[in-house]
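In: task: produce atomic coordinates for the following.
(chains A, B, C and D)
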2 protein chains.
Amino acid sequence: MHMPAEHGVSSQCRRLSGVLTIVGDKWTVMIVMVLIGQGRRFNELKRLIGGISQQMLTRTLKALERDGMVSRTVHPTVPPQVEYALTDLGRSLAEPLQALGAWANSHVEAIELNRGAYDARADVKLAG
Amino acid sequence: MHMPAEHGVSSQCRRLSGVLTIVGDKWTVMIVMVLIGQGRRFNELKRLIGGISQQMLTRTLKALERDGMVSRTVHPTVPPQVEYALTDLGRSLAEPLQALGAWANSHVEAIELNRGAYDARADVKLAG
DNA sequence: GGTCTAGGTCACAATTCCAGACCGGAGATC
DNA sequence: GATCTCCGGTCTGGAATTGTGACCTAGACC
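Out: Numbering: from 1, shown residues only, chains lettered A, B, ... in the order given. Sure, this is the predicted structure:
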């Protein structure tokens, strides 16, 4: 994507801001990645993702549903079963998100290395 | 990469979680996108992005520097000038982030439409 | 009758975010 | 020589988000 310099990346960015708040969210990225390929039930998602609180899962899922990226199907059994799945919109989001996930995955170690080095430098500065 | 089979997606996701917290952040996405192609100074970034607080810009930039995705060069002039630029790691992140930005850009309207429809349905439910 | 389940909700604590004030130090201005 | 400005950044107080843990429904199991 090319960025027009004169007419303000600003307004474009502000426009994107709202969308990025949703799709650029840590939990959203993970939920969508887990939902790729198959629908999942609530606790299944919770287990698979790990580290997410029930409330955040509910909330993120609701936001995703509101934005039309995830569908929510309730099976009126007892106890009720709720299945979440990606919509077409959600699946289209999955592609760039997978790219992001893949990048993150293959650079985790480089980042952790940099992080360690940076913190070590900071410590030296504090000590000296 | 080391990946114990038993923990499955969960541990992998948790591993990614820390990285996604950084790269999947709204401001990170915008900062990296603005830095593509050229280095920028602090207030230049602030102006171009728009809507970011000085504190968040400082913080996000620092996190990015810590993770080795952005370099910070101080020119000892008066007043001091500080230039931020993408490192190789940062440039490699730019690609998936541009894809995400492009997706966001081309689906903003669909999302806003869904959001409106959802809210309308919710209102009806509350009213009825 | 008690307890387990799935899928939530609610109240409250902890954390993070933002707006705006303040800081440092050289140069220009008074 | 006192004050104002500039850039990059920190600090403060309040607002918004997030996490934690308790609770709810309604049938199944013991």
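In: kindly check the end-to-end length of stretch A:16-31 for me.
Out: End-to-end distance of stretch A:16-31 (C-alpha to C-alpha, to the nearest Å): 21 Å.
In: and it, how far out from the chain middle?
Out: Chain-centre distance of stretch A:16-31: 5 Å, with C-alpha atoms, centre = their mean, to the nearest Å.
In: stretch A:96-105 too?
Out: Mean-position distance between stretch A:96-105 and its chain equals 10 Å (C-alpha atoms, centre = their mean).
In: flag every buried residue along that stretch.
Out: By 16 or more other C-beta atoms under 10 Å in any protein chain shown, the buried positions in stretch A:96-105 come out as A:P96, A:L97, A:Q98, A:A99, A:L100, A:G101, A:W103, A:A104, A:N105. C-betas here are computed from N, CA, C, even on glycine.
In: now do the strands in chain A.
Out: Ranges of strands in chain A, per DSSP state E, are A:40-41, A:70-75, A:81-86.
In: rebuild the ones you listed as TSV, extending it with mean pLDDT, distance to B:K62 and mean neighbour count.
Out: Below are the strands of chain A laid out as TSV (pLDDT from 0 to 100; distance: least, C-beta to C-beta, whole Å; neighbours: other C-beta atoms under 10 Å in any protein chain shown):
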stretch	mean pLDDT	distance to B:K62	mean neighbour count
strand A:40-41	96	36	17
strand A:70-75	95	34	14
strand A:81-86	96	35	17
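In: now A:A110: closest residue in space, sequence neighbours ignored.
Out: Excluding its sequence neighbours, the residue lying closest to A:A110 (C-beta to C-beta, 6 or more residues apart in numbering or on different chains) is B:L89, at 6.1 Å.
In: how about the contacts made by the residue positioned nearest the centre of chain A?
Out: Taking C-alpha atoms, centre = their mean, the centroid of chain A lies closest to A:V29, which sits 1.8 Å from it. By C-beta atoms under 8 Å, 6 or more residues apart in numbering or on different chains, the contact set of A:V29 is A:V23, A:L97, A:L100, A:G101, B:L20, B:G24.
In: just give the nearest non-adjacent residue to it, would you?
Out: Leaving aside its sequence neighbours, A:V29 sits nearest to B:G24 (C-beta to C-beta, 6+ apart; 4.9 Å).
In: and that neighbour, its phi and psi?
Out: Main-chain dihedrals, B:G24, degrees, to the nearest 10: phi -90, psi 20.
In: roughly how far does it sit from A:E95?
Out: 15 Å (C-beta to C-beta, to the nearest Å).
In: with only the CA atoms kept, save stretch A:18-27 in CSV.
Out: Output of stretch A:18-27 as CSV, limited to C-alpha atoms (Å, rounded to 0.1, in the frame of the first residue of the first chain):
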residue,chain,number,x,y,z
GLY,A,18,-11.1,1.9,14.8
VAL,A,19,-10.7,-1.2,12.7
LEU,A,20,-7.2,-1.9,13.9
THR,A,21,-8.4,-1.6,17.5
ILE,A,22,-10.4,-4.7,16.7
VAL,A,23,-8.4,-6.7,14.3
GLY,A,24,-5.1,-5.6,15.7
ASP,A,25,-6.0,-7.0,19.1
LYS,A,26,-3.9,-9.7,20.6
TRP,A,27,-6.9,-11.9,21.5
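In: averaged pLDDT, that stretch. What do you get?
Out: Stretch A:18-27 carries an average pLDDT of 84.
In: is that stretch up against DNA strand D anywhere?
Out: Yes. Stretch A:18-27 comes into contact with DNA strand D (C-beta under 7 Å from any atom of the strand), by way of A:D25, A:W27.
In: anything in that stretch near DNA strand C?
Out: No. Applying C-beta under 7 Å from any atom of the strand, one finds stretch A:18-27 separated from DNA strand C by no less than 9.2 Å.
In: helices and strands around the longest helix along chain A, which ones?
Out: For chain A, the helix with the greatest residue count under DSSP state H is helix A:88-127. Helix A:88-127 sits against helix A:26-35, helix B:8-23, helix B:54-66, helix B:88-127, with contacts defined as 3 or more C-beta pairs under 8 Å, 6 or more residues apart in numbering or on different chains; DSSP states H and E.
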